[in-house]
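Student: Can you look at this prediction? I've put the sequence above it.
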Amino acid sequence: MIVVLLHAGAVYALVNGLARKIVEVVRPPLQTKVLEEVKPPTPPEKLPPPPPPRLVAPPPPYIPPPEVKVEPPPQVQQTAITVVTTVKPIEPPPPIEQPRPPVAPVRTAAVVDARGCEKPPYPPASLRANETGTVRLSFLIEADGRVTQSRIEASSGFWRLDEAARKGLALCKFKPATVDGKPERAWARIDYVWKVE
């Protein structure tokens, strides 16, 4: 019964806040202090740098002149022809002809000048979407200058622009590459820039 009364008293004290009043009574008063800001020490005055040392070049070393002995030219003795013969000298054999190294063929690259080509039309959907970019094409130029094959090496980022550039390139005619002056089919490369003007 005493235990029940103790518990009931503890619950009553907690509900009414008696424990909080005890804590508030025990709490000491707060004290405040004003601290002064600590100033960093002032750096000492900088002294000017010392003057650079004076460098004096050492005297040049003494090199004695070389001793050269000059000898007089030898005297040439003149000799007279003392023996005469009637025998014809033997002629050396004719030189052996060396094989000539093979001559490399002279090649010239195809002339890629797109200024003479008709400009391909801007795709309407790309124009509405304000699509721009640069497409790099490699293409095969036949001996007669026509473009027969083409492939995309670097896309403009828009397939409509890439395909329009390929179709426009197929309508062009270029000066073909040559080997020893004869036209030859060869691959070439071009960058086509699409921009809305």
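Tutor: Received the coordinates, thanks.
Student: And for stretch 120-135, what's in contact with it?
Tutor: Outside stretch 120-135, the residues within contact range by CB atoms under 8 Å, 6 or more residues apart in numbering are 152, 154-158, 160-162, 164-165, 167-169, 171, 191-196. All C-beta spots, glycine's among them, are computed from the backbone N, C-alpha and C.
Student: got the residue ranges for the strands in the chain?
Tutor: Across the chain, reading from the start of the chain, the strands by DSSP state E fall at 107-108, 133-141, 147-154, 177-179, 182-184, 186-194.
Student: Can you pull up the most central residue in the chain?
Tutor: By CA atoms, centre = their mean, the chain has its centre lying nearest to residue 154, at 18.7 Å.
Student: longest helix of the chain?
Tutor: In terms of residue count, the longest helix belonging to the chain (DSSP state H) is helix 2-16.
Student: List the buried residues of it.
Tutor: Buried residues in helix 2-16, counting neighbours by 16 or more other CB atoms under 10 Å, are absent.
Student: same thing with stretch 189-197?
Tutor: 190, 192, 194.
Student: Could you report the pLDDT at the last one?
Tutor: Put plainly, it is residue 194. Among the per-residue scores, residue 194 holds a pLDDT of 86.
Student: gap between it and residue 122?
Tutor: Distance from residue 194 to residue 122, counting by CB to CB, to the nearest Å: 7 Å.
Student: so what sits against both of these two?
Tutor: Residues within reach of residue 194 and of residue 122 at once, by CB under 8 Å, 6+ apart, are residue 164.
Student: Let me see the residues that make contact with stretch 144-158.
Tutor: Contacts to stretch 144-158, defined as CB under 8 Å, 6+ apart, come from residues 126, 131-142, 162, 165-166, 169-170, 172-176, 183, 189, 194.
Student: Just the buried residues of those.
Tutor: In the contacts of stretch 144-158, burial by neighbour count holds for 126, 131-133, 135-137, 139, 141-142, 162, 165-166, 169, 172, 174, 176, 183, 194, counting by 16+ other CB under 10 Å.
Student: Setting aside sequence neighbours, what's the nearest residue to residue 108?
Tutor: residue 178 (4.7 Å; CB to CB, 6 or more residues apart in numbering).
Student: Identify the residues contacting residue 165.
Tutor: Contact analysis of residue 165 by CB under 8 Å, 6+ apart lists 120, 135, 137, 156, 192, 194.
Student: Give me the distance between the second one and residue 128.
Tutor: Meaning residue 135. Shown here: residue 135 relative to residue 128, a distance of 19 Å by CB to CB.
Student: returning to what we had before: quick one, which of the strands of the chain is nearest to residue 2?
Tutor: Taking CB to CB as the criterion, strand 133-141 is the member of these that comes nearest to residue 2, at 93.9 Å.
Student: tell me the mean pLDDT over the closest one?
Tutor: So the average pLDDT for strand 133-141 ends up being 91.
Student: No further questions, thank you.
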